[in-house]
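S.K.: Provide a 3D model corresponding to the input given below.
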Amino acid sequence: MQRYVRPLVQMGPARPTGAVSLAGGSGWFTHVEVLRREGADEVVLADQLTDQERQNLTKPRTPVAGLDFSAPVLMGILNVTPDSFSDGGRHDDLSAATHAATKMAEQGAHLIDIGGESTRPGAAFVPESEEIERTAPVIAALRAANLTTPISIDTRKSTVANAALDAGANIVNDVSGFGFDPDLAPLCAARKTPVCVMHAQGDPATMQDDPQYGDVVLDVYDYLLQRIEYLTSLGIPRDQIIADPGIGFGKKLPHNLKLLHRISLFHSLGVPILLGASRKKFIGTIGNVTQANARGPGSVGVAIGAISQGIQIIRAHDVAEHAQAIALWRAGMAQGGYD
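M.R.: Numbering: from 1, shown residues only. Below is the predicted model of the structure:
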C-alpha cells in the first residue's frame, strides 16, 4: 500500500539530537506524518523513513535560474492583462509594466512572474498573438533596462513561451501542469529551460463549478508526481522543476485549507515548492475582505504559515509587505532572535 510522508517541520537554531534538516533550508524535523488512502494516519520517527523518502526530504534544492532556496524566495506578480482578478488593467501599458517590475525588484522580489492571460475563475481564452504582444515587449524592455532579476513567463502556450524566452525570460510557469499545449514541455526540454508545474482541476473558465476530490492533498500530490515524471522523461532535469499545489485552481475553501494544513507533504516530491495564494478568494472569505487588493495582510499571514512549513517560493502581489514580513520572520528564527 502506497504511503505518503509529511515532515512535521520546525524552525530555529535549537535542534534535538536526531533532527533532520529539510531540503537545505532552515527547517528541520524529528518526526513525519505517514498518510495513506486506506487505514489510519500515524506519526513516526524520522529514522523510520526509507532511503528514498529521506533523500527526497533532505537533499538541498539545486538553484533554479540562479535562485538560492536556502532562504525563502519571493516571486513578484506582474499581470499585463486587462482582466486579472485583483490588478487587471494596472500594467497593460509597457511603461507601467516595466516600472512595476523594476519597483518589485527594488522592494525585494527575487523573481518576476509575468502573465498575459488571466487565469481567474471564469476567465476567457486569450489568442496566442495577443498574449505575445502583451508579454514579450515587457520582458525585452526589462532586459534592455539591465534588470538582472530572473523572469518567469506565466503561460500555457508554447508560442508565447518561446517568444518570452527569446525576449529574456528564464523560467516557464504553466498553470495547466503542461497539459494544455502538448508542445510546451518539449520546447522547455529543447531549450533547457527550468519549469514550474502547477495542479489545476479543469480550466479557468469552469474550474470552480464543482471541483471534486477523493482526498485533495493526496490527489494533488499524485498529480504533481506524475507530471514531474512526465517532464523528466522529456529530458528536463528533476532539479530544474518547481511544483505548485495550485491553491484556488479548481478548489473550494475546504480544499485550500486542507492543502495549506499539510503543505509540507509536497517536500516529498524532492523539488522546490511554490505557494500562490496571494489575494485569493478564500483569504477574503475568512478575513471578511471583499476587495481583492485589500487582502494583503491575509496573504502575508498565509505566506508566513507556509514558510514555517519550509515552502521555498512565495508568489505575491504585495512584494514590499511580504519582503518585510519575511525579513522579520527570519530574524525571529535566527540565533539571538530580534535583539
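S.K.: low pLDDT regions in this protein?
M.R.: Counting by pLDDT under 70, the chain contains low-confidence ranges at 83-92, 122-123, 205-207, 335-339.
S.K.: which residues sit in contact with Gly76?
M.R.: For Gly76, the set of contacting residues under the criterion of Cβ atoms under 8 Å, 6 or more residues apart in numbering consists of 101, 104-105, 107, 109, 111-113, 316-317, 319. (C-beta placed from N, C-alpha, C; glycine too.)
S.K.: after the one helix or strand it maps to, which helix or strand is next? Please name it.
M.R.: Assigned by DSSP states H and E, Gly76 belongs to strand 73-79. Beyond strand 73-79 on the C-terminal side, the first helix or strand identified by DSSP H and E is helix 94-107.
S.K.: distance between that following helix and the chain's centre?
M.R.: Averaging C-alpha positions (Cα atoms, centre = their mean, to the nearest Å) puts helix 94-107 21 Å from its chain's average.
S.K.: next SSE after that helix?
M.R.: Moving toward the C-terminus from helix 94-107, the next helix or strand (DSSP H and E) is strand 111-115.
S.K.: picking up where we left off before, between the strand holding Gly76 and helix 94-107, how big is the angle?
M.R.: Counting by axes from the mean of the first three to the mean of the last three Cα atoms, to 10 degrees, strand 73-79 points 170 degrees away from the direction of helix 94-107.
S.K.: and the residue nearest the centre of the chain, what does it touch?
M.R.: Taking Cα atoms, centre = their mean as the criterion, Leu274 is the residue nearest the geometric centre of the chain, at 2.2 Å. Residues counted as contacts of Leu274 (Cβ under 8 Å, 6+ apart) are 75, 196, 198, 242-244, 311-315.
S.K.: what sits against Val302?
M.R.: Residues touching Val302, when contacts are defined by Cβ under 8 Å, 6+ apart, comprise 260, 275, 277, 283.
S.K.: can you redo these as CSV with secondary structure and distance to Ala144?
M.R.: Listed next are the contacts of Val302 as CSV, based on DSSP: H, G, I helix; E, B strand; the rest coil; distance: Cβ to Cβ, whole Å:
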residue, secondary structure, distance to Ala144
Leu260, helix, 39
Leu275, strand, 31
Ala277, coil, 33
Ile283, helix, 36
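S.K.: widest-spaced pair of those residues?
M.R.: Taking Cβ to Cβ, the two most distant members of the contacts of Val302 are Leu275 and Ile283; they sit 12.3 Å apart.
S.K.: all strands for the stretch 201-339 of the chain, in order.
M.R.: When secondary structure is read from DSSP state E, counting those that start in this stretch, the stretch 201-339 of the chain shows strands at 241-244, 274-275, 313-316.
S.K.: any chance of JSON lines for these, columns distance to Asp203?
M.R.: Below are the strands of the stretch 201-339 of the chain laid out as JSON lines (distance: least, Cβ to Cβ, whole Å):
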{"stretch": "strand 241-244", "distance to Asp203": "16"}
{"stretch": "strand 274-275", "distance to Asp203": "20"}
{"stretch": "strand 313-316", "distance to Asp203": "20"}
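S.K.: and of the ones you listed, who's closest to Thr290?
M.R.: Nearest to Thr290, of the strands of the stretch 201-339 of the chain and by Cβ to Cβ, is strand 313-316 at 20.0 Å.
S.K.: which of the contacts of Val302 sits closest to Asn173?
M.R.: Compare each of the contacts of Val302 with Asn173 using Cβ to Cβ and the shortest gap goes to Leu275, at 13.1 Å.
S.K.: excluding residues flanking it in the chain, which one is nearest the closest one?
M.R.: With Cβ to Cβ, 6 or more residues apart in numbering as the measure, Ala306 is the residue that lies nearest to Leu275, at 4.5 Å, once sequence neighbours are left out.
S.K.: so the one you found makes contact with Ser278?
M.R.: No: contact between Ala306 and Ser278 fails when scored by Cβ atoms under 8 Å: they sit 11.2 Å apart.
S.K.: those two - which one has more neighbours?
M.R.: Neighbour comparison, Ala306 and Ser278: the larger count goes to Ser278, with 27 against 22 (by other Cβ atoms under 10 Å).
S.K.: separation between Ala96 and Val138?
M.R.: Noted for Ala96: a distance of 10 Å to Val138, by Cβ to Cβ, to the nearest Å.
S.K.: please say which of these two ends up with more neighbours.
M.R.: Residue environment comparison for Ala96 versus Val138 gives the larger neighbour count to Val138, 28 against 14, counting by other Cβ under 10 Å.
S.K.: quick revisit: pairing partners for the strand holding Gly76, with directions?
M.R.: strand 111-115 (parallel), strand 313-316 (parallel) (DSSP bridges).
S.K.: contacts for the longest one, please.
M.R.: Outside strand 111-115, the residues that touch it by Cβ under 8 Å, 6+ apart are 65, 67, 73-81, 84, 97, 101, 104-105, 135, 138-139, 142, 147, 149-155, 164, 169, 171, 173, 313, 315.
S.K.: could you rerun that using 7 Å?
M.R.: 67, 73, 75-81, 101, 104-105, 135, 138-139, 149-155, 173, 315 (Cβ atoms under 7 Å, 6 or more residues apart in numbering).
S.K.: all helices for the chain, in order.
M.R.: If you assign secondary structure with DSSP state H, the helices in the chain sit at 51-58, 94-107, 128-144, 158-167, 184-190, 216-233, 253-261, 281-287, 296-307, 319-333.
S.K.: nice, that's everything, thank you.
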